[in-house]
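[1] Give the three-dimensional model of this entry:
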Amino acid sequence: MPRRIIRKQYRKARYVLYRETLIDAKEHVLTFIGAFVGIGLIGLLNSQYLVASDNLFLIGSFGASSVLVYGIINSPLAQPRNLIGGHVICAIIGVTIYKLFSGELWLACALAVSLSIVAMQITKTLHPPGGATALIAVTGGKKIAELGYLYVLSPVLTGVLILFAVALIFNNLRHRNYPSKPILKRKRPIRAASIQK
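    Just a heads-up that it's a prediction; the model follows:
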């Protein structure tokens, strides 16, 4: 009896793993192109306007955001509200914490990340790479520290808007729908019959 249950569970697990790895090759191509163009545009801005050693536009959390907005576009964590709101909120918190606790790096790091998570939960903008955005604001070095709250606008907001614009284009090329819910909901016209009641 236990052997039969084990075999059944094994077959189920194998089927689930097999199904999870079956993705249309065209999906892989669109994911690659979207991520390449999104990160490439941010990198191009970085190379055109900054010395390569500054590397301000290409923050690490954009790589993780690319996984979400180009790879798992139906995830609630990849939706525009989460992508933009999560990064911006975390950037504000990260800069604020750095200004208040820059003398104690361990405390600043812990506060920036933990407060960012709670703020994203409260505002319903949970986006895991946002935690890295807050951490980068604290540990990013002299150039990031000199930016202060400008860090929120550039590179964070600028970069996120580039990722979002590219995601809108490449994620809607085939049968994909991004965002999963329309950004602007159309209002239903009021019918005359419902007014007369």
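[2] Which residues does the longest helix seen in the chain contact?
    If you go by DSSP state H, the chain has its longest helix at helix 25-49. The contact list for helix 25-49, computed with C-beta atoms under 8 Å, 6 or more residues apart in numbering, reads 52, 54-58, 62-63, 66-67, 69-71, 155, 158-159, 162-163, 166-167, 169-171, 173-174, 176. To be clear about C-beta, it is placed using only N, CA and C from the backbone, and glycine gets the same treatment.
[3] tell me the secondary structure for residue 179?
    Per DSSP: H, G, I helix; E, B strand; the rest coil, the local secondary structure of residue 179 is coil.
[4] how much space between it and residue 165?
    Noted for residue 179: a distance of 13 Å to residue 165, by C-beta to C-beta, to the nearest Å.
[5] Could you do residue 133 as well?
    The gap separating residue 133 from residue 165 is 18 Å, by C-beta to C-beta.
[6] next SSE after the longest helix of the chain?
    Counting by DSSP states H and E, the element after helix 25-49 in chain order, helix or strand, is helix 61-66.
[7] From the contact counts, what lies against that next one?
    Counting contacts by 3 or more C-beta pairs under 8 Å, 6 or more residues apart in numbering; DSSP states H and E, helix 61-66 is packed against helix 25-49, helix 80-101, helix 129-139, helix 158-171.
[8] among the ones you listed, which is the most enclosed?
    helix 129-139 (a mean of 25; mean count of other C-beta atoms under 10 Å).
[9] what angle separates that one from helix 80-101?
    20 degrees (axes from the mean of the first three to the mean of the last three C-alpha atoms, to 10 degrees).
[10] Mind exporting the C-alpha coordinates of the helix or strand just after helix 129-139 to CSV?
    Toward the C-terminal end, the helix or strand that comes next after helix 129-139 (DSSP H and E) is helix 142-147. Extracted C-alpha coordinates of helix 142-147, given in CSV (Å, rounded to 0.1, in the frame of the first residue of the first chain):
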residue,chain,number,x,y,z
LYS,A,142,29.4,58.0,-2.0
LYS,A,143,27.7,58.7,-5.4
ILE,A,144,24.3,57.4,-4.2
ALA,A,145,24.6,59.2,-0.9
GLU,A,146,25.3,62.5,-2.7
LEU,A,147,22.1,62.1,-4.7
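[11] hmm, who's touching whichever helix or strand comes after helix 142-147?
    Downstream of helix 142-147, the next assigned helix or strand under DSSP H and E is helix 150-151. Surrounding helix 150-151, the residues in contact under the criterion C-beta under 8 Å, 6+ apart are 91, 94, 95, 137, 140, 144.
[12] Give the rounded mean pLDDT of helix 150-151.
    On average, the pLDDT along helix 150-151 is 94.
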